[in-house]
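Enquirer: pasting the sequence and the predicted model now:
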Amino acid sequence: MARISAQDASKRTVEICELAPVVPVLIVEDITTAADLGNALIAGGLPVLEVTLRSECALDAIKAMSELDCGVVGAGTLITPQDVKNAVAAGAKFGVSPGATDILIDACEAEGLPLLAGAASATEAMRLLERGYTMQKFFPAEAAGGAPLLKSLASPLPQISFCPTGGVSLSNAQTYLDLPNVRCVGGSWVAPSDAIKAKDWAKVQELASAAATKLHA
Ligand SMILES: O=C(O)C(=O)C[C@H](O)[C@H](O)COP(=O)(O)O
């Protein structure tokens with residue numbers, strides 16, 4: 001992909017984060033589950049999928065899910081420039097990282113991958129803002145201070161929007177989504193590992209549908 005500026009990356013991640021109230025955070029351990037898992041989430045109303053690079057078949061899962069209709073598939077847990085190269089080669093349309101380093105940001109810009117980089121404090125958010133990133137992941141959301149922390153950042157830093165992730169569930173997601181500086185939330189609760197192992201796609205679709213219909217950004 002052609003090089004991308006921080007401004008264009010932010011614009012693209014805002015567009016992606018506005019497609020649905022929840023970005024499912026996925027750990028795919030068995031490649032034979034990837035397409036069905038993706039289809040269940042998309043059918044439930046959650047088209048934006050983050051496949052974390054935390055399993056051996058994660059890149060193959062990104063490839064498989066990228067071929068599904070109506071989905072937008074990204075790579076999560078990006079840590080190194082090689083992760084970025086691998087994610088782009090697999091077809092990822094965006095990247096997500098738990099934190100941010102200049103090396104990782106440079107790699108994403110060079111590879112043309114819009115990055116949703118993580119911040120957990122005012123200083124981290126301001127460092128990303130200095131680099132031009134106005135759309136950020138707030139991670140680990142609950143552990144770092146939850147909705148009260150994000151609410152406190154909204155007045156001094158109104159130009160930054162967040163996707164809180166980490167400890168977010170159906171029961172607390174709307175509290176985040178009600179904040180003016182939140183576009184969507186991320187979470188693994190819509191794709192629990194036991195349902196994936198059992199290939200219970202009806203269950204996954206039901207969880208996705210509950211999130212898509214009950215939550216509003
Ligand atoms: O590795 C990354 O880049 C991540 O995205 C980390 C995830 O956001 C959290 O692990 C999801 O947290 P839970 O929804 O509480 O399971």
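Expert: Arrived safely, thanks for sending. Since the model is a prediction, treat every value here as computed from it, not as a measurement.
Enquirer: enumerate the residues of the chain near the ligand.
Expert: With the criterion set to CB under 6 Å from any ligand atom, the chain comes near the ligand through 25, 52, 76-77, 96-98, 139, 165-168, 186-189. From N, CA and C alone the C-beta is placed, and that goes for glycine too.
Enquirer: isn't Pro24 up against Glu50?
Expert: Yes: contact criterion CB atoms under 8 Å: Pro24 and Glu50 qualify, at 6.7 Å.
Enquirer: what sits in contact with each of these two?
Expert: Here Pro24 and Glu50 have Gly186 as joint contacts, going by CB atoms under 8 Å, 6 or more residues apart in numbering.
Enquirer: just the buried subset of the residues of the chain next to the ligand, please.
Expert: Buried subset of those (neighbour count, 16 or more other CB atoms under 10 Å): 25, 52, 76-77, 96-98, 139, 165-166, 168, 186-189.
Enquirer: can you tell me which of the residues you listed is nearest Asp106?
Expert: Nearest to Asp106 out of those is Ser97 (CB to CB; 12.7 Å).
Enquirer: show me where the chain has helices.
Expert: Along the chain, counting by DSSP state H, helices occupy 6-17, 34-43, 58-66, 81-90, 102-111, 122-130, 141-144, 146-154, 173-177, 193-197, 201-214.
Enquirer: biggest separation within the buried ones among the residues of the chain next to the ligand, which pair?
Expert: Using CB to CB, these reach their maximum pairwise distance at Ser97 and Trp189, which is 20.6 Å.
Enquirer: among the residues of the chain next to the ligand, which ones are in strands?
Expert: Val25, Thr52, Gly76, Val96, Gly186, Gly187 (DSSP state E).
Enquirer: pretty sure Ala107 contacts Asn86?
Expert: No: the criterion here is CB under 8 Å, and Ala107 misses it with Asn86 at 11.0 Å.
Enquirer: per-residue pLDDT, Ala141?
Expert: Looking at Ala141, its pLDDT stands at 98.
Enquirer: please name the nearest non-neighbouring residue to it.
Expert: Pro164 (3.7 Å; CB to CB, 6 or more residues apart in numbering).
Enquirer: around that neighbour, how many other residues sit close by?
Expert: Neighbour count of Pro164, defined by other CB atoms under 10 Å: 31.
Enquirer: got a list of what it touches?
Expert: Counting by CB under 8 Å, 6+ apart, Pro164 touches Lys137, Phe138, Phe139, Ala141, Ala147, Leu150, Tyr176, Val182, Val185, Gly186.
Enquirer: now do the contacts for the second one.
Expert: Counting by CB under 8 Å, 6+ apart, Phe138 touches Gly118, Ala119, Ala120, Ala144, Leu149, Leu150, Phe162, Cys163, Pro164, Thr165.
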